[in-house]
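# fold the following, please.
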Amino acid sequence: MKAKIALLLLFSTAALGSARADQTKTDVEDRLQSSTATIQQIIDAPDKGIPDEVLKGAKCIAVVPSMIKGAFIVGGKHGRGVSTCRLPDGRWSAPAFFTISGGSWGLQAGVEDIQLIMMVMNDDGMRHLLQDKFQVGGTASAAAGPVGRHASAGTDWKASTEILTYSRAHGLFAGIDLSGSWIEHDKDSNVAMYGKEYTNTQLLTGKVPVPEPARAFLAEVRKAENRNLQSQADTHR
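Numbering: from 1, shown residues only. Next comes the predicted model:
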């Protein structure tokens, strides 16, 4: 039993630590591809996808295609993600890369690979995303988002919550508490993609051209947005 626990702890440490390895351009391009697939899988999940109203109202979208959540007495969450924000002319910005990390306490054991999408819903949330580092549940509020093709009128998702979260584990939607997690500018990944360092503000406000490897990711974001427009057209027929 002790050997099994030691092995689990070793695996948890190795898995969580791997999220902090230096990034190459191939690593970053692979993450963009995985993020594109994550959007497809979560947004279009039958009866459990992201509602059209949330897609329409989002200021920014942040995707973590693989967040390792491991635990042995002390839990931890680590992953690398990519974000984009809606520009005034309706286009979506060049992607900015980030890391997410955090911990929790409690009697728990196990290692889990989670897909995560964070929908930034208002200007305060976007201002946090433009920073180099912020804490979810500290300066930025977050809550599990409503699911389904349309948001229920009875839900309070339009209130002051800055970030709505959606996650999947083992192909199923799963609740996740991001309180205490830190979201931080991923310098290694940004340099690997752009060849130089740009700030989140430069990237997410349209000051930097979209690189070719990011076009498929942004096309999937636009496809989700067009699904919302098509849904509105069908409603008014």
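
# for the rest of this, base every contact and every neighbour count on C-alpha atoms.
Noted.

# chain neighbours aside, what residue packs nearest to the residue nearest the centre of the chain?
Nearest to the mean C-alpha position of the chain, counting by C-alpha atoms, centre = their mean, stands residue 63 at 2.7 Å. Leaving aside its chain neighbours, residue 63 sits nearest to residue 117 (4.5 Å; criterion: C-alpha to C-alpha, 6 or more residues apart in numbering).

# with residue 143 instead?
In space, residue 143 is closest to residue 164, 5.2 Å off (C-alpha to C-alpha, 6+ apart).

# next: residue 216.
residue 36 (7.1 Å).

# helix, strand or coil for residue 161?
Classification of residue 161 using DSSP: H, G, I helix; E, B strand; the rest coil returns coil.

# looking at it, it is touching residue 142, isn't it?
Yes. Counting by C-alpha atoms under 8 Å, residue 161 does reach residue 142; the two are 5.7 Å apart.

# tell me which of these two has more neighbours.
Neighbour tally, residue 161 and residue 142, criterion other C-alpha atoms under 10 Å: the higher count belongs to residue 142, 23 against 19.

# list the beta-bridge partners for the spatially closest residue to that one that is not a sequence neighbour.
Nearest residue to residue 142 in three dimensions, chain neighbours excluded: residue 163, at 4.5 Å (C-alpha to C-alpha, 6+ apart). Beta-bridge partners of residue 163, counted by DSSP bridges, are residue 120, residue 142.

# what is the burial count for residue 163?
Residue 163: 29 neighbours (other C-alpha under 10 Å).

# now do the contacts for it.
When contacts are counted by C-alpha atoms under 8 Å, 6 or more residues apart in numbering, residue 163 touches 118-121, 125, 140-143.

# so residue 173 makes contact with residue 48?
Yes. In this structure, residue 173 is within contact of residue 48 by C-alpha under 8 Å, at 7.5 Å.

# which helix or strand lies directly C-terminal to the lowest-mean-pLDDT helix or strand in the chain?
Of all helical and strand segments in the chain, the minimum by mean pLDDT, DSSP states H and E falls on helix 2-18, at a mean of 40. Reading on from helix 2-18 to the C-terminus, the next helix or strand found by DSSP states H and E is helix 25-43.

# what about residue 147, is that helix, strand or coil?
coil.

# what score does it have for pLDDT?
The model reports residue 147 with a pLDDT of 78.

# pLDDT value on the residue nearest to residue 63, please?
Looking at residue 117, its pLDDT is 93.

# doesn't it belong to a strand?
Yes. If the criterion is three-state DSSP, then residue 117 is within a strand.

# remind me which helix or strand residue 63 belongs to.
In the assignment (DSSP H and E), residue 63 maps to strand 60-85.

# and that strand, what does it pack onto?
helix 2-18, helix 25-43, strand 96-120 (3 or more C-alpha pairs under 8 Å, 6 or more residues apart in numbering; DSSP states H and E).

# so where is this structure shaky, pLDDT-wise?
1-21, 46-47, 70-76, 103-112, 149-160, 171, 174-175, 227-237 (pLDDT under 70).

# residues touching stretch 77-86, excluding its own?
Residues from elsewhere that reach stretch 77-86, judged by C-alpha under 8 Å, 6+ apart: 16-17, 19, 31-32, 35, 58-70, 92-103, 126, 181, 186, 204-205.
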